[in-house]
Each structure stands twice: as structure tokens, then as C-alpha cells.
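*Asks:* I need the structure of the sequence given here:
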Amino acid sequence: MKNKKRALRAITCIGVGVDMLTVAVFANYDNANGYDTIKTALKNMLMNERNYTENTSVEFKVNDQILGAFNINSKVDKDGEAQYQTVETSSSSNGVEYERSTTIQDGWMFEKSVYPNAIGQSPNAYKSELSGDDVYAQIINGGDLMNKTVNVVESLADLFVGDMKNNIILVGTEDGNRTYSISMTGEQLPQYITSVFSLVSASIKASYENIDQSAATSEIESADEIFRSDVEPVISAVNGLITIDEHDRITSSSGDIVITGYNLSGQKIDISLSMNGGAGDFGTTVIDKVNPDEYQDDPYSSSSVVYYENINGEVLTFDSEEALTEYLNNEENAA
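*Replies:* Residues are numbered from 1 along each chain as shown. As a prediction, the model looks like this:
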């Protein structure tokens, strides 16, 4: 069984939480009241800005070799006919590419996904009508769900910044812009962060069975092996920058986290996750409307639709839980 709207709701709340927790790390009270400044800027972007474009890119590297990359371009025009649009692209070192777009317009959500380098595969393109309490409607209109999510995550951010505030400094002020920097080694990280990472590493290691003690034959295998080695990996560095403009808008951010470990052959391995982002085109962003005729009705959009996989591997669709129950009773009686 699947309920797409619940999944979207959860993903959106988590996304807002990650944004706020990430940004909160980049300021402190000792540098021009930076923490409050950044919180205000983030809440302003989420709740008040009506029109802007945002780009975010993420790279996953092992020993400086890029194994995967992800980019998302988002456009917001809350007062337009097309109010929201994102285009996500990803690629990996093995040549697999993926592209997905989501557009909100005229009370509908239009989604399209495709593997650009796949042969003979047509895009999946679906549309679903949004209700007033849908997640995307809440985001666009600043609904109660959005307000509650921001308040909760703000409280978590206040707690999370904790001991790291003294490692964050104001490094530049120009034309009304304020830039904050953080640069920390693993030894400078708070104990609760290193403890959580150690627990995660131990859990990953415990999940492996029949460990192959041979040397890694690729960067991917090397990355995998640091969680299987007898030497526990550690977070070795955290770095970042964030800039806020004179209108309390986050215009750029970047950062990276480096994890250091050793593969089964004793070779040092550095795994890094790097992020770069920026926002602009405030008040001038234009979203091109999509053609609804190019999209099919989304079979998962109805909250009343119930899916059931039988013993033959066939996925059956029912209009309600009661219809599924009736089907199962008939199958039992027939047996």
C-alpha cells in the first residue's frame, strides 16, 4: 500500500528541518548577533519571500574522485499561475543519469522523470490535483503545517548550535552583505556529534556479514570498506560559508564534511560531501507553465487508492480498504 501525500508531507518536513539545522551551524551570538540574523533570514526565505530562484549542488567524492553529483534548481513565484517548480538532476561515475521535474500550477502538481541516457525509455509524466491541506499548498500559502514545522525545528536549531558557536566567525561585510565562516577539525566537534557518528559507524559495520578481506578494487569499494575496517572512521573536518544580503535573504552557502578512514589494506581514505548553493532573481523569477495534456492522471494521487501484491507478484488496485478486505475474504473462501 502507498500513500503519496503522506510521503510528500514527511519529506517536506524533513527537508525544512535539514535546511534549518544546516544553516544554524553557520553563526553565533558573538559575531554581530549572527545566529539570530541567519535564523531570521532563513525564516524570511521560507515564509515571506514570494519570488526567487535557488540552486543547490552536492558532490560525493572519495579521494577527490567524484562518484556522484546532484543538482536542484528551484523557482518560486507564489503569486503566479505557475507557483513552484524544481528540476533535479543526478549522475554517478558509472554513467547513470536521472532527471526529475515538479511543477505546481493552477492547483495541480505535474511530475516528470526520465533517465536521459537510457535507450528506448519514455519519460514518466503524471499529474494530480492538490487540495487546500496538501503539503505543497501549505508551502506556497504558508499554512499551519509550515508554521509548526518552522517553530519546532527552530527550537532544535537553538539546541544544536551549542558548543560550535565559538568556531564560527564573521569574515566579511560588503555592500550590506554579511558572510560567516566555520572551520573545524574533528577534535573540535562537540562530543555528542562524534558519539552519534561512532554509533552509526558501528551499526553499519555490524550489518556486514562474511567480510571479504581482499583489497579494494575501486574507489566505491574503498569507501565501503572504511566501515568494515578494524579502524573506526572519524569526521576529520567541517568547513562552510554563508552570506546574507541587506534584505535578510540567504544568497549563497557552501560547505563540506570530510570523513577519514582506512580500507582493508590499510590505505587512508577520505570521503567528502560538498555542497554549494545560491539564491537570486528576487522579484524577477519567471516559471514557464507546462502543458497539462502531456501528463497522465497519477494513479497514486488518490488517498483512497489501496495497492495489494498477491502471491503471484501481481499488484492489484482497490478503491478502498473495504474493497481489499472483501477481495481477501473471497480468496480465502475460494481456497
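*Asks:* where along this protein do the helices fall?
*Replies:* Ranges of helices in the chain, per DSSP state H, are 4-24, 34-47, 135-141, 144-161, 191-206, 219-225, 321-334.
*Asks:* list the buried residues for the last one?
*Replies:* Along helix 321-334, these residues count as buried under the neighbour rule (16 or more other C-beta atoms under 10 Å): L324. Quick note: C-beta positions are derived from backbone N, CA and C, even for glycine.
*Asks:* where does the stretch 151-300 of the chain dip in pLDDT?
*Replies:* Low-confidence regions of the stretch 151-300 of the chain, defined by pLDDT under 70, span residues 160-163, 165-166, 207-223, 299-300.
*Asks:* tell me which residues of stretch 181-198 are tucked away?
*Replies:* Here stretch 181-198 shows S181, I182, M184, G186, L189, I193, F197 as buried, counting by 16+ other C-beta under 10 Å.
*Asks:* again, but for stretch 61-77
*Replies:* K61, V62, L67, G68, A69, F70, N71, I72, S74, K75, V76, D77.
*Asks:* so which of these are in strands?
*Replies:* Among the buried residues of stretch 61-77, the ones falling in strands (DSSP state E) are K61, V62, L67, G68, A69, F70, N71, I72, S74, K75, V76, D77.
*Asks:* which residues does the last one contact?
*Replies:* D77 makes contacts with R50, N51, Q83, Y84, T285, V286, I287, as judged by C-beta atoms under 8 Å, 6 or more residues apart in numbering.
*Asks:* quickly list what it is bridged to.
*Replies:* Counting by DSSP bridges, D77 forms beta bridges with N51.
*Asks:* can we start the residue count at 56 from this point?
*Replies:* Renumbered: residue one is now 56, and that last one reads D132.
*Asks:* picking up where we left off before, which one among the buried residues of stretch 236-253 gets closest to S156?
*Replies:* I237 (33.4 Å; C-beta to C-beta).
*Asks:* so which of the contacts of D132 is the most crowded?
*Replies:* Q138 (23 neighbours; other C-beta atoms under 10 Å).
*Asks:* state the distance from it to T157.
*Replies:* Distance, Q138 to T157, by C-beta to C-beta, to the nearest Å: 11 Å.
*Asks:* next: S210.
*Replies:* Distance check for S210 against T157: by C-beta to C-beta, it reads 29 Å.
*Asks:* in the stretch 56-205 of the chain, where is pLDDT below threshold?
*Replies:* 56-90, 149-151, 170-178, 187-200.
*Asks:* run the last query once more with 90
*Replies:* For the stretch 56-205 of the chain, the stretches with pLDDT under 90 are 56-105, 115-125, 133-136, 138, 145-155, 161-164, 166-205.
*Asks:* rewinding a little: how about the contacts of D132 in TSV, adding distance to I312?
*Replies:* Converted to TSV, the contacts of D132 look like this (distance: C-beta to C-beta, whole Å):
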residue	distance to I312
R105	33
N106	32
Q138	33
Y139	29
T340	30
V341	35
I342	33
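*Asks:* for those residues, which one is nearest G321?
*Replies:* Closest to G321, out of all of these and judged by C-beta to C-beta, is Y139, at 49.8 Å.
*Asks:* what's across from that closest one in the sheet?
*Replies:* V131, I159.
*Asks:* quick check: buried residues in stretch 250-265?
*Replies:* Quick answer for stretch 250-265 (16+ other C-beta under 10 Å): F252, S256, K260.
*Asks:* closest to N99 out of these?
*Replies:* F252 (31.9 Å).
*Asks:* list the contacts of the closest residue to the closest one other than its chain neighbours.
*Replies:* Distances taken as C-beta to C-beta, 6 or more residues apart in numbering put I290 closest to F252, at 5.6 Å, once the chain neighbours are dropped. Shown in contact with I290 (C-beta under 8 Å, 6+ apart): G241, L244, I248, T249, F252, I312, V313, I314.
*Asks:* distance to R304 added to the residues you listed, as TSV?
*Replies:* Formatted as TSV, the contacts of I290 follow (distance: C-beta to C-beta, whole Å):
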residue	distance to R304
G241	33
L244	29
I248	29
T249	34
F252	32
I312	25
V313	29
I314	32
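*Asks:* closest to Q351 among the contacts of D132?
*Replies:* The nearest one, if we look at those relative to Q351 and count by C-beta to C-beta, is Y139, at 20.6 Å.
*Asks:* what about the closest one, distance to T340?
*Replies:* 11 Å.
*Asks:* done for today, thanks.
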